[in-house]
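>>> For reference, the sequence and a predicted model appear below.
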Amino acid sequence: MLGSLSNIVSSAGLNGCRLNSTRLAMAGRMGLSFATGLAANSARCASTGAAAGAGAAAAAAAAAAALQPFHLAIPVNDLAAARAFYGGVLNLKEGRSSAGWQDYDFYGHQLVIHQVTRDYRGNDYFNPVDGDQVPIAHFGVVLNVAQFHDLAQRLQKANTEFLLKPHVRFQGLKGEQWTMFFKDVSGNNLEFKALTNPDDLFTKFE
């Protein structure tokens, strides 16, 4: 883990008692102890008068909600090759497995890859988003900006072919974000993104 609560708060780009529900929810995706620590920090702030009691309760509720991992199961046409991609290129930690499937810690969520027929290949549909033709369906994680660029560099070193190279979309708008799209070895589409302002994750366009 990242160490003391003060280090966690600092490394997450948070400032003391000024923790809102969106940042707590995003922090919660990084793990149980992280979100629990942030909720405890919010309670400490409330007890010293630095945060309102109602705000602390809302923050604790947001942290609790963030502790519910998302589960996703996807088909792959070659389990060994898919394990090399998800465990090697994406550097995900392996969990349980059998002869026909493997699960991963996908940034605190559960991703399971299932062996299906060798002729499986993800189908592409496209929808325009801010001038890009975005492949549908896709999945991924909202990272912070530093994590995003670290992952982009790792993908480039692995000679990953991008469907949409790392770039900024919604520039100057609420929800401005870095984004990139690529495929796994079975043709499943992935998107990773990072918002310039993490608080805008669910903010509507004005």
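It's in.

>>> low pLDDT regions in this protein?
For the chain, the stretches flagged by pLDDT under 70 are 1-57, 59-67, 206.

>>> let's see 80
By pLDDT under 80, the low-scoring segments of the chain are 1-67, 205-206.

>>> Helices along that one, start to end?
Ranges of helices in the chain, per DSSP state H, are 5-11, 21-28, 32-47, 53-66, 79-83, 145-157.

>>> could I have the shortest one exported to PDB, CA atoms only?
Spelled out, that is helix 79-83. C-alpha atoms of helix 79-83 as PDB (Å, rounded to 0.1, in the frame of the first residue of the first chain):
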ATOM      1  CA  LEU A  79      -6.100 -18.100 -23.200                       C
ATOM      2  CA  ALA A  80      -2.300 -18.300 -23.100                       C
ATOM      3  CA  ALA A  81      -1.900 -15.300 -25.400                       C
ATOM      4  CA  ALA A  82      -4.500 -13.400 -23.500                       C
ATOM      5  CA  ARG A  83      -2.700 -14.100 -20.200                       C
END
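
>>> list the buried ones in that helix?
If you call a residue buried by 16 or more other C-beta atoms under 10 Å, then helix 79-83 has these buried ones: 79, 82-83. For glycine as for every other residue, the C-beta is placed from the backbone atoms N, C-alpha and C.

>>> That helix - contacts with which helices or strands?
For helix 79-83, the contact count by 3 or more C-beta pairs under 8 Å, 6 or more residues apart in numbering; DSSP states H and E identifies strand 101-106, strand 109-115 as packing neighbours.

>>> Dump those strands to CSV, plus distance to N189 and mean neighbour count.
CSV is the format used below for these (distance: least, C-beta to C-beta, whole Å; neighbours: other C-beta atoms under 10 Å):
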stretch, distance to N189, mean neighbour count
strand 101-106, 15, 19
strand 109-115, 14, 18
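
>>> Reformat those into JSON lines and put distance to E94 next to each item.
Formatted as JSON lines, the helices and strands packed on helix 79-83 follow (distance: least, C-beta to C-beta, whole Å):
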{"stretch": "strand 101-106", "distance to E94": "6"}
{"stretch": "strand 109-115", "distance to E94": "10"}
